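**Student:** need the 3D shape of this:
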Amino acid sequence: MVFSRDKSVIGVDIGTSSIKLVGLKRTRGMYSLEHFQIAPLDPDTIVNETVVSKGNLIDKLREMVVHNGIKTKNISTSVSGHSIIMKKFSYPLMTQDELEENIQWEIEQYIPFDRDDVYYDIRIIDTLSSMNEAGKMEVVLVVAKKETVNEYTDIFIEAGLKPLIMDVDAFAIQNMFQFNYPGYESDTVALVNIGATITNVNILEGSGSAFTRDINIGGNLYTNEIQKQMNVSIEQAESLKLGGDFGSPMETTEAVIPQEVGGIIRSVSESITSEIQRSLDFYVASSARGKVSRIFLMGGTSKIPSLASVIEARLELPVEIVNPFKEIEIKHNRFNVEQLQEVSASAAVAVGLAMRRLGDQ
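**Tutor:** Residues are numbered from 1 along each chain as shown. Below you'll find the model as predicted:
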């Protein structure tokens, strides 16, 4: 969904727990990092994918613009979760106008929203693949509820920003991955972005997306389970999740705490892995290509101790945590590289958004 014609954008990824902002400079097909910030949000700002406190969100966005000295107000952003539906269809080769006419029927038949209540876009993802029938093309239909898109658009405008591109998280991480990790064009790989409340799965066959799914599960599940099972505050549970201590005296021994927390973390990691496995199993059952060969993990939750190893052992696939700045020039006089790498996995969507240009497929 495109709102303007200017091509210079800042990537802004609004999650449940934080806002990620990335600005990139593009020179002869390469990128250098110009702006980067992760700003935490108050827990009551966004709840269950609903913006509860618009004022908090607007204030935080304004602060980030000032803090980073950003001159352009043009941004690329994205949505995911309940308000987004993505479906893949196979069509005979046809013109864009013919496709636009045919897709109306698909919206009426398969999308559980009134057509007047949604924005939609179409992406042709495959026309020449040897796995395709001759004379066919694969198309992804992306549908977003107008209510959600308009709400975020209004928030950005009130913050003094100009939303040019509205993407979806699954495609943003694909943009990031394909630039930073060339050489997988002949493989089938799964990109798994685990945020606070939503996990995006995008399975790539070669250079195209073959399967996408948003799963309503994420890092907050660890926090909630630790809080419930150990009877601690949200803040203490969050600290324990990330490998810290309680932050205040507790009537328990340090020897017991790590073991108990470790058990909870492993149990939640198994639950998240089960959901990822369901997505991969569904893909395999519906694809002629075969199994996924590797999983690339990203998102703030990917740093949870043992999560990657649990996924690797359970799915019997190699798992690699993504560095979205892998092929991006980082100026050492402007950024602390060590600190950047510590939080880099959280920036995957924002980096992909910052790479977007109007007219991209």
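**Student:** check which residues of stretch 217-237 are buried.
**Tutor:** Counting neighbours by 16 or more other C-beta atoms under 10 Å, one finds that the buried residues in stretch 217-237 are 217-223, 225-227, 230, 232, 236-237. From N, CA and C alone the C-beta is placed, and that goes for glycine too.
**Student:** so what's the residue most central in space within the chain up against?
**Tutor:** In the chain, the residue lying closest to the centroid (C-alpha atoms, centre = their mean) is Asp169, at 4.0 Å. Applying C-beta atoms under 8 Å, 6 or more residues apart in numbering to Asp169 gives the contacts Asp13, Ser78, Val79, Ser80, Asn193, Ile198, Asn200, Asp214, Val349.
**Student:** try 7 Å this time
**Tutor:** Listed by C-beta atoms under 7 Å, 6 or more residues apart in numbering, the contact partners of Asp169 are Ser78, Ser80, Asn193, Asn200, Val349.
**Student:** same deal with Asn68?
**Tutor:** Leu21, His35, Gln37.
**Student:** flag the shaky bits of the stretch 151-300 of the chain, pLDDT-wise.
**Tutor:** Within the stretch 151-300 of the chain, the stretches with pLDDT under 70 are 244-258.
**Student:** can you show me the helices along it?
**Tutor:** 169-180, 220-230, 234-241, 256-286 (DSSP state H, counting those that start in this stretch).
**Student:** dump these into CSV; add distance to Gln339 as well.
**Tutor:** Below are those laid out as CSV (distance: least, C-beta to C-beta, whole Å):
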stretch, distance to Gln339
helix 169-180, 19
helix 220-230, 23
helix 234-241, 19
helix 256-286, 24
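**Student:** where does the stretch 1-150 of the chain have low pLDDT?
**Tutor:** 1-7, 126-134.
**Student:** got the residue ranges for the strands in it?
**Tutor:** Remark: strands assigned in the stretch 1-150 of the chain by DSSP state E, counting those that start in this stretch are 10-14, 18-27, 30-40, 46-47, 50-51, 74-79, 84-92, 118-126, 136-145.
**Student:** and the ones you listed, which is most packed in?
**Tutor:** Across the strands of the stretch 1-150 of the chain, averaging neighbours per residue (mean count of other C-beta atoms under 10 Å) puts strand 10-14 on top, at a mean of 26.
**Student:** what lines up beside that strand in the sheet?
**Tutor:** strand 18-27 (antiparallel), strand 74-79 (parallel) (DSSP bridges).
**Student:** dump it to CSV, keeping only the CA atoms.
**Tutor:** The C-alpha trace of strand 10-14 is given here as CSV (Å, rounded to 0.1, in the frame of the first residue of the first chain):
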residue,chain,number,x,y,z
ILE,A,10,13.2,5.6,7.3
GLY,A,11,12.2,2.1,8.5
VAL,A,12,10.0,2.2,11.6
ASP,A,13,8.9,-1.1,13.2
ILE,A,14,6.3,-0.6,16.0
